[in-house]
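>>> turn this into a model:
(chains A, B and C, ligands or ions: 3)
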Amino acid sequence: MTTTWIIVDEPGVAGLLDTARNLGRPTAAVVVGPHELAASTATAGVDRCLWLGETGDAPVEAFATAVAAVVADGAPGVVLAAARPSARALVGAVAATLRAPAMVGAVGVETDGDTVLVEREVLGGIARRTERCDGPVCLVVDGGGVPEPGAAVPVEEVTAEALAVRVVENRPSSAPQVDLAGARRVVAVGRGLKAKEDLALVDRLAEAMGAAVACSRPVAEGSGFLPKDRYVGVSGRTLTPDVYLALGISGQVQHTVGIRGAGTIVAVNTDADAPFMKECDYAVVGDLYTFVPALAAALQS
Amino acid sequence: MSEPDFDVAVVGAGPAGCVTAYLLAQQGHSVVLVERGEAPGAKNLSGGVLYGRVLEQVFPDFAAAAPVERRVVRNAVTFLTSTGAVGVDLTSDRLDGNAYTVLRARFDAWLAERCEEAGVFLMPGVRVDRLLTSPSGAVTGLVAGDDELSARVVVAADGVNSFLARGLGLRPKPAQNQLAVGVKAVVSLPRETIDDRFGLVGDEGAALAMVGEATGGIGGGGFLYTNATSLSVGVVLRLDDLAASGASASDVFDRYCEHPAVQRYLRGGEVLEYGSHLVAEGGLGMLGTVATDGLVVVGDAAGLTINSGLTVRGMDLAIGSAIAAAGGIGDALDAGDTSAAGLAGYRERLMAGFVGKDLTTYAKAPAFLERPRMYRDYGPVLEDVMVRAFDLDTTPRKHLASVAWDALRTSPVGMLDLASDLWAGVRAL
Amino acid sequence: MTVVVAHKWAPNPQEATVAPGGTVDLSRAKPAVSEYDPVAIEVGRRLADAWGCELVGVSVGGPEIAAPMARKAALSRGLDRLVVVADERLSGAGATPTAVALAQAVGEVEDVRVVLAGDSSVDEGAHLVPSVLAGLLGWPSLAEVADVTADGGALVVERAQGSGSQVVRVDGPAVLAVAADAAVPRVAGMKDILAAGKKPVVELPLAGELPAQPEVVGRAPVPLAERGRRRIDTTDPDAAARELVAALRADGVL
Ligand SMILES: Cc1cc2nc3c(=O)[nH]c(=O)nc-3n(C[C@H](O)[C@H](O)[C@H](O)COP(=O)(O)OP(=O)(O)OC[C@H]3O[C@@H](n4cnc5c(N)ncnc54)[C@H](O)[C@@H]3O)c2cc1C
Ligand SMILES: Cc1cc2nc3c(=O)[nH]c(=O)nc-3n(C[C@H](O)[C@H](O)[C@H](O)COP(=O)(O)OP(=O)(O)OC[C@H]3O[C@@H](n4cnc5c(N)ncnc54)[C@H](O)[C@@H]3O)c2cc1C
Ligand SMILES: Nc1ncnc2c1ncn2[C@@H]1O[C@H](COP(=O)(O)O)[C@@H](O)[C@H]1O
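Numbering: from 1, shown residues only, chains lettered A, B, ... in the order given. Ligands and ions are numbered 1, 2, ... in the order given. Okay, the predicted model is just below:
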């Protein structure tokens, strides 16, 4: 029988474990990181836990080839990794070694002998497809939170050689962390916002609403008005607030997939034909610069 | 003077520009085709009926090879009134091969591919800002951004707004009554639904023209064309009339789409694209200078459209002018004289061909179509006649002639008006 | 020494239509150089200029990627030459077969110092091709790269890490996926496009067997929540705001 492999490079792997458990196969984790990470993974409900040893000044990506060798050796069926750059580097090498399909967007996985059936969202989330693979398959899915600890299996240390990559300097960010995932109300801004100073307008509304502030990708990456961990969408965050208020966001599919699970969606846009107007509960046609202050005032009265 | 970069530089990869470029490349000239859209067709509002006979002269097998949507076998003209619709509906084998519906994003892209195959240097994503001219005023090339490009002949195929032609003073700014605004949408529907609603089978298509209440009485008309899995729906409104009415084009369009006679075709569809565009409606009256030193003007840029009320024609005239231009430019290049005199063959060919003949034939159509009764009053009269004929409400029947007479008497259309409109219509169309 | 950039010629699924059965029609979507790949080309151009070396583009896909439009679109953005593998079997291919073909193309280029790639492709959006390619080449891969410089035989790479950043040193070649905002891509002008028409293009036949592709056994639309799309007019912004607040309160979300 094949083994379900989990690639662990950070504590948030509960999502991978859920998917793995549903497959009803033996599970094995390969851990890249400090010993504590291996120790906690060993209590997460896996059948085996392999650890590549301390990483020293090598980044996670330096162990891609080593991870691929370990997995290839372990009768892989489904190989799971979290949607993070470092985990993708590892699973990419696994797919290369196994010459196996590597896919994103899975919403359901089943196995039948060596056959794996994957249902997934394709092309940025515009449609679903069920695909049958005869042989191993690598899937990148939402990592999820930190798993609950349970009974421990031994940590098996494997000696691994790192590729020639070294961390020279870490520059942590000083930006305050915002709990977007936990927010029940979210106000998000897009390129309809003309200047960084205008965020004050949005902040006042968010305060009146008791909402967290998120954005579209260009606002975080193009203009840099907000930190990169605040943008919503296929490459960013997936949120499920009770209410999502989108200000000056056109509503391209790569953005809207991130909030499909939201309760009520309000789109504010000068363009009545913006795609968001078709995927919302309230389509407010107008200028955010006049509507946002009016809304903040209306909320306070 | 140093060697120019190209023999010919064509601006605009619509039907006019593509066909001109294709034919000149086939003659062995070096041709560049500059288009502002990221891909040919990308900027062109989709959907239209292509009267295809003229394209067969260039691509004999285009109906099979090009991405056409449907073959038009049904043409209908409907007068919409506030209470109903009355019209003439023609389904005939004799229409076969006459016209096809096309989506421009695909069709223009196909034409541009043929150009590349023929050796045209396609340059998408570049907006031409102005023309280069010699001290004597002859056109010698193009300017886009910081770059210049030189050519023996420049072809302005840049559409109805052609500021290239206008920039040189070749075309006066058209009067409002010579311009119409088209508002158009493409609405997706499953193939079977379209087949059912229009009574079509296989690749058969329909082209419906609607007048009267379609435009709320504003000069112009509405249309509804079938594509493979979508409908092209829109209105064309005369600018002067629209301005006088105080209505906005998009409101007129919305009302048109909501009219029951239109709504029953559109029901349940999803709007894929929407936009508006100017249409030149001046006919022969708008045709300005089509060739000057180093420059020719083709298609919409030359004002070549005919709106008969029943059909909006532009693509076929664009192609016709392209054929004439390619001939004229070819002669000029071969003779080594690309001055206005050298390029004069273009206008001769244009006027001798179907484009010139049709423009002359329809020369009076614009004025005829300006008669307001065309849009406001005839629909209700016709509806009245037909209702009186079909509504068997147990009142004693009358002969159809007297039914019509009664309908006319109670309508604002006077007998003299009718006679005058009939006469004008027969002469104009 | 050579800098290689992988770029994809792909349609934008925003322009696609999805039939009720889940079949995707991409025929209305015009292919173009995938949204973020011009950023990688721009980073590559600066690097190649700084190093005084050649910048070679690699692209793989269906036959359409070898058309003049596709070639010129990439070459006009600053590449010196292009290597393409255009084969029907690569149309709509997944990350692994795509990377296998890319590895073949990269293998044709001599003395490759670094392969740059975009953040994610506009159609697949998987963020996977660069790391599978790196796996095939046996090189390290790094993503979200903001800057690259050379230090002797090594690459010094700055990349995003969490909400901060990290500087990493790579001895030997690597595959680097650049961040979407690593550079502002240039707009190609007429001279660039004219020059692009004269740049060399090598079209390689696909060598060897591709890895097996999954078989599609089912299609479905995405189950979307029905949304009300109630239009609120803002001619009077205050009235509109009151209308929205009342509606949201009625929905119980405020
Ligand atoms: C592979 C890939 C992945 C991507 N991933 C993501 C992702 O994860 N998240 C994401 O967000 N994007 C993502 N994108 C980008 C996405 O395709 C869009 O480009 C982006 O979402 C557009 O952002 P926007 O709506 O803010 O800007 P625009 O599309 O420019 O829209 C701005 C909107 O503001 C409106 N507006 C302007 N002024 C005003 C005003 N005064 N008042 C009200 N409205 C106004 C305009 O009408 C317009 O609709 C991705 C793209 C690709 C190719
Ligand atoms: C609503 C509506 C309905 C119509 N219906 C029909 C119909 O059913 N049948 C029919 O035959 N005709 C119809 N027409 C008319 C038809 O669309 C035009 O006559 C036809 O497109 C003219 O072709 P063209 O090549 O001259 O110009 P266009 O098709 O307008 O092409 C001009 C091209 O030039 C490009 N361009 C413009 N400026 C520049 C620049 N500065 N630099 C680079 N490129 C530039 C544009 O992007 C465009 O691609 C309709 C028009 C409208 C508006
Ligand atoms: N067919 C392809 N040809 C060349 N490069 C590609 C191809 N597919 C993906 N890439 C590169 O890999 C990046 C990530 O793609 P993806 O994994 O599909 O999200 C893209 O931005 C490109 O740089």
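>>> what's next to whichever strand or helix holds residue A:246, contact-wise?
For residue A:246, the enclosing helix or strand under DSSP states H and E is strand A:243-247. With CB atoms under 8 Å, 6 or more residues apart in numbering or on different chains as the test, strand A:243-247 has contacts from A:184-190, A:192-193, A:202, A:205, A:209, A:211, A:259, A:262-269, A:276, A:280, A:288, A:292, C:248, C:251, C:253-254. Backbone N, C-alpha and C define where each C-beta goes, glycine included.
>>> which of the residues you listed are buried?
Using 16 or more other CB atoms under 10 Å in any protein chain shown as the burial test, the contacts of strand A:243-247 include A:185-190, A:192-193, A:202, A:205, A:209, A:211, A:259, A:262-269, A:276, A:280, A:288, A:292, C:248, C:253-254 as buried.
>>> walk me through the domains of chain A.
Partitioning chain A according to automatic domain parsing yields domains covering residues A:3-157, A:185-300.
>>> which ones among the contacts of strand A:243-247 are found in helices?
Members of the contacts of strand A:243-247 lying in helices (criterion: DSSP state H): A:202, A:205, A:209, A:288, A:292, C:248.
>>> the closest residue to the first one other than its chain neighbours bridge partners, please.
Sequence neighbours aside, residue A:189 is the residue nearest to residue A:202 in space, at 5.4 Å (criterion: CB to CB, 6 or more residues apart in numbering or on different chains). With DSSP bridges as the criterion, residue A:189 is bridged to residue A:215, residue A:247.
>>> measure residue A:189 to ligand 2 for me?
To ligand 2, residue A:189 is 32 Å away according to CB to the nearest ligand atom, to the nearest Å.
>>> check residue C:85 too.
Distance of residue C:85 to ligand 2, computed by CB to the nearest ligand atom: 32 Å.
>>> one step back: with just CA atoms, put the strand holding residue A:246 into PDB.
C-alpha atoms of strand A:243-247 as PDB (Å, rounded to 0.1, in the frame of the first residue of the first chain):
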ATOM      1  CA  VAL A 243     -19.300  40.900   5.700                       C
ATOM      2  CA  TYR A 244     -16.800  41.900   3.100                       C
ATOM      3  CA  LEU A 245     -16.900  45.500   1.900                       C
ATOM      4  CA  ALA A 246     -14.800  45.900  -1.300                       C
ATOM      5  CA  LEU A 247     -13.900  49.600  -2.100                       C
END
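>>> which is the next helix or strand following that strand?
Later in the chain than strand A:243-247, the nearest helix or strand by DSSP H and E is helix A:253-256.
>>> all helices in chain A, in order from the N-terminus.
Remark: helices assigned in chain A by DSSP H are A:14-22, A:35-42, A:64-72, A:85-98, A:199-209, A:217, A:253-256, A:288-300.
>>> adding distance to residue C:5, write the ones you listed out as TSV.
Shown next, in TSV, are the helices of chain A (distance: least, CB to CB, whole Å):
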stretch	distance to residue C:5
helix A:14-22	32
helix A:35-42	35
helix A:64-72	21
helix A:85-98	18
helix A:199-209	35
helix A:217	22
helix A:253-256	22
helix A:288-300	38
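>>> who wins for proximity to residue C:31 among these?
With CB to CB, the closest approach to residue C:31 among those belongs to helix A:253-256: 17.0 Å.
>>> other SSEs contacting that closest one?
Of the remaining helices and strands, none touches helix A:253-256 by 3 or more CB pairs under 8 Å, 6 or more residues apart in numbering or on different chains; DSSP states H and E.
>>> does that helix come close to ligand 1?
Yes: Helix A:253-256 is in contact with ligand 1 by CB under 6 Å from any ligand atom, via A:254-255.
>>> from residue A:128, how far out is residue C:217?
The gap separating residue C:217 from residue A:128 is 12 Å, by CB to CB, to the nearest Å.
>>> the more surrounded of these two?
Taking neighbours as other CB atoms under 10 Å in any protein chain shown, residue C:217 and residue A:128 compare with residue A:128 leading, 20 against 12.
>>> OK, contacts around the closest residue to that one other than its chain neighbours?
Leaving aside its chain neighbours, residue A:128 sits nearest to residue C:220 (4.3 Å; criterion: CB to CB, 6+ apart). By CB under 8 Å, 6+ apart, the contact list for residue C:220 reads A:119, A:127-130, C:21-22.
>>> now do the SS call for residue C:220.
Classification of residue C:220 using DSSP: H, G, I helix; E, B strand; the rest coil returns strand.
>>> what helix or strand is the residue nearest to residue B:93 when sequence neighbours are not counted located in?
Counting by CB to CB, 6+ apart, residue B:93 lies nearest to residue B:73, which is 7.4 Å off, once chain neighbours are set aside. Using DSSP H and E, residue B:73 falls within strand B:68-80.
>>> what sits against the residue in the stretch 51-200 of chain A that chain B sits nearest to?
Nearest to chain B in the stretch 51-200 of chain A, going by CB to the nearest CB, is residue A:126, at a distance of 13.5 Å. Shown in contact with residue A:126 (CB under 8 Å, 6+ apart): A:253, C:13, C:16, C:18, C:24, C:222.
>>> and those residues as CSV, adding neighbour count?
CSV is the format used below for the contacts of residue A:126 (neighbours: other CB atoms under 10 Å in any protein chain shown):
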residue, neighbour count
A:253, 20
C:13, 23
C:16, 19
C:18, 19
C:24, 20
C:222, 16
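>>> now these in TSV, with pLDDT and distance to residue C:151?
Formatted as TSV, those follow (pLDDT from 0 to 100; distance: CB to CB, whole Å):
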residue	pLDDT	distance to residue C:151
A:253	92	41
C:13	92	40
C:16	89	45
C:18	89	49
C:24	94	46
C:222	93	47
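>>> pLDDT of the strand holding residue A:246, averaged?
Across strand A:243-247, pLDDT averages out at 98.
>>> residue A:288 against residue A:249, yeah?
No: with contact defined as CB atoms under 8 Å, residue A:288 does not reach residue A:249; the gap is 9.8 Å.
>>> between these two, what contacts are shared?
Both residue A:288 and residue A:249 are contacted by A:189, A:192, A:269, under the criterion CB under 8 Å, 6+ apart.
>>> and the pLDDT for residue B:388?
With respect to pLDDT, residue B:388 scores 64.
>>> apologies, that question was intended for residue A:214.
What the model reports as pLDDT for residue A:214 is 97.
>>> ok, back up a step: same list (the contacts of residue A:126) but as JSON lines, adding distance to residue A:242.
Putting those into JSON lines (distance: CB to CB, whole Å) gives the following:
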{"residue": "A:253", "distance to residue A:242": "23"}
{"residue": "C:13", "distance to residue A:242": "29"}
{"residue": "C:16", "distance to residue A:242": "31"}
{"residue": "C:18", "distance to residue A:242": "28"}
{"residue": "C:24", "distance to residue A:242": "32"}
{"residue": "C:222", "distance to residue A:242": "22"}
